[in-house]
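In: Sequence isn't available, so here's the structure alone:
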């Protein structure tokens, strides 16, 4: 079981409570073409304004689905459907929770420590 505040490639997705009720993760999304479970490509921790937030990108492991998503596509043409959502073979979902006040203060202190360490060397750059 992973950590929802960790960023990693592949593996098992991790969700913040209450999405991860009693240690049971929500089901993986399904491919819009073959209707099979999709696999985690990347989980990226991306906090935002007092929220713990992770973005999870899933993709279909079926080569024919990816081929079908690209079929009729022209990278420079108007029919580049893949760019407009992957035609259902890729999906991004988010898991988030409101940060507690003590967690926000701890994050601010850590950021200040990082900034003071950065500025302590020869002018930063």
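Out: Ah, there it is. The structure presented is a predicted model; accordingly, all values stated were derived computationally and were not measured.
In: For this protein, just list every one of the helices.
Out: 63-70, 101-120 (DSSP state H).
In: Return the member of the ones you listed having the minimum mean pLDDT.
Out: Set side by side, those differ in mean pLDDT, and helix 101-120 is lowest with a mean of 59.
In: what sits against the nearest residue to residue 31 once chain neighbours are set aside?
Out: Spatial nearest neighbour of residue 31, excluding adjacent residues (CB to CB, 6 or more residues apart in numbering): residue 60 at 3.9 Å. Where you see a C-beta, it was placed from the backbone N, CA and C, and this is true even at glycine. Contact analysis of residue 60 by CB atoms under 8 Å, 6 or more residues apart in numbering lists 31, 33, 34, 36, 38, 39, 66, 89, 90.
In: repeat that with 7 Å
Out: 31, 33, 34, 36, 38, 66, 89 (CB atoms under 7 Å, 6 or more residues apart in numbering).
In: Please determine how far it is located from residue 69.
Out: 8 Å (CB to CB, to the nearest Å).
In: Residue 50 - how many residues pack around it?
Out: By other CB atoms under 10 Å, the residues close to residue 50 number 12.
In: Residue 31 now?
Out: Using other CB under 10 Å, residue 31 has 25 neighbouring residues.
In: Kindly report the same for the one 4 residues further on.
Out: Other residues near residue 35 come to 10 when the count uses other CB under 10 Å.
In: For the nearest residue to residue 5 once chain neighbours are set aside, give its distance to residue 60.
Out: In this structure, residue 5 finds its nearest non-sequential neighbour in residue 45, 5.0 Å apart by CB to CB, 6+ apart. Per CB to CB, residue 45 is found 24 Å from residue 60.
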